[in-house]
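Participant: Provided below for reference: sequence and predicted model.
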Amino acid sequence: MSISAEVLRQEGSDEESFVAVAFQNLSPKFEATIQEVVRATLKSLRDSAGPEVLVVDDSVGVRRALDRDLYALGRSAVSAATPLEAVEWLTDDTRRFDTAIVDLRLGHADGLEFLTFLTDDHPALRRILMSGNIPVGLLRLAVVSGRANAVLDKPWSRDSLAKVLVR
């Protein structure tokens, strides 16, 4: 009996790619070994990349721009459109986040409420409040209360982003 493999789907870019492979005539033991090697390799790649930045913003354009700028600064990012999606990422054991960049207005959600959650449940996480129009009183409250460690204005520059990432 011979083992064969077929690439079912392949997509991605130079920075990230995805390949789905189907094996024929593969014993369950060998299949489990291959899956374990793939999991360990992915975990090793994530660990060697260092901590990630969690970006929470309801705008796809903002998330993509931050992803590009963070990548240019040598950081990897994971994006979420909603606080619920962000919580799902935070509970993923294969991820190591050291920073969260959270927009003040998240559609129907409130970025300050999500920062409060992060402060309570993930106190070691650096929390950056982001907004294009932050009222001075709200800004002062977010930083003084400890909910935000820093503030990032929209639009941002790569230099301003680099500065708020530093602890």
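Facilitator: Okay, I see it.
Participant: Show me what counts as buried in the helix or strand encompassing R63.
Facilitator: According to DSSP states H and E, R63 maps onto helix 60-72. Along helix 60-72, these residues count as buried under the neighbour rule (16 or more other C-beta atoms under 10 Å): V62, R63, A65, L66, D67, D69, L70. C-beta coordinates here come from the backbone N, C-alpha and C atoms, glycine included.
Participant: neighbours around the nearest residue to S4 once chain neighbours are set aside, how many?
Facilitator: Closest residue to S4 apart from its sequence neighbours, by C-beta to C-beta, 6 or more residues apart in numbering: Q24 at 4.5 Å. Counted with other C-beta atoms under 10 Å, residues neighbouring Q24 total 10.
Participant: quick revisit: from the buried residues of helix 60-72, pick the one nearest S157.
Facilitator: D69 (8.8 Å; C-beta to C-beta).
Participant: Settle this for me: that closest one is touching L161, isn't it.
Facilitator: Yes. Judged on C-beta atoms under 8 Å, D69 makes contact with L161 at a distance of 5.4 Å.
Participant: and the spatially most central residue of the chain, what does it touch?
Facilitator: In the chain, the C-alpha nearest the mean C-alpha coordinate belongs to V78, at 1.9 Å (C-alpha atoms, centre = their mean). Applying C-beta atoms under 8 Å, 6 or more residues apart in numbering, we find V78 in contact with E52, V53, L54, V55, W89, R95, F97.
Participant: would you list these in CSV and tack on neighbour count?
Facilitator: Shown next, in CSV, are the contacts of V78 (neighbours: other C-beta atoms under 10 Å):
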residue, neighbour count
E52, 19
V53, 22
L54, 24
V55, 26
W89, 17
R95, 13
F97, 20
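Participant: min pLDDT across these, which one?
Facilitator: The member of the contacts of V78 with the lowest pLDDT is R95, at 89.
Participant: which secondary structure element contains that one?
Facilitator: Using DSSP H and E, no helix or strand contains R95.
Participant: quick one on the thing from earlier: separation between the residue nearest to S4 and E31?
Facilitator: For Q24, the distance to E31 (C-beta to C-beta, to the nearest Å) stands at 11 Å.
Participant: Also T82?
Facilitator: Using C-beta to C-beta, one gets 36 Å for the distance from T82 to E31.
Participant: out of these two, which sits in the more crowded spot?
Facilitator: The neighbour comparison of T82 against E31 (other C-beta under 10 Å) goes to T82, with 16 against 11.
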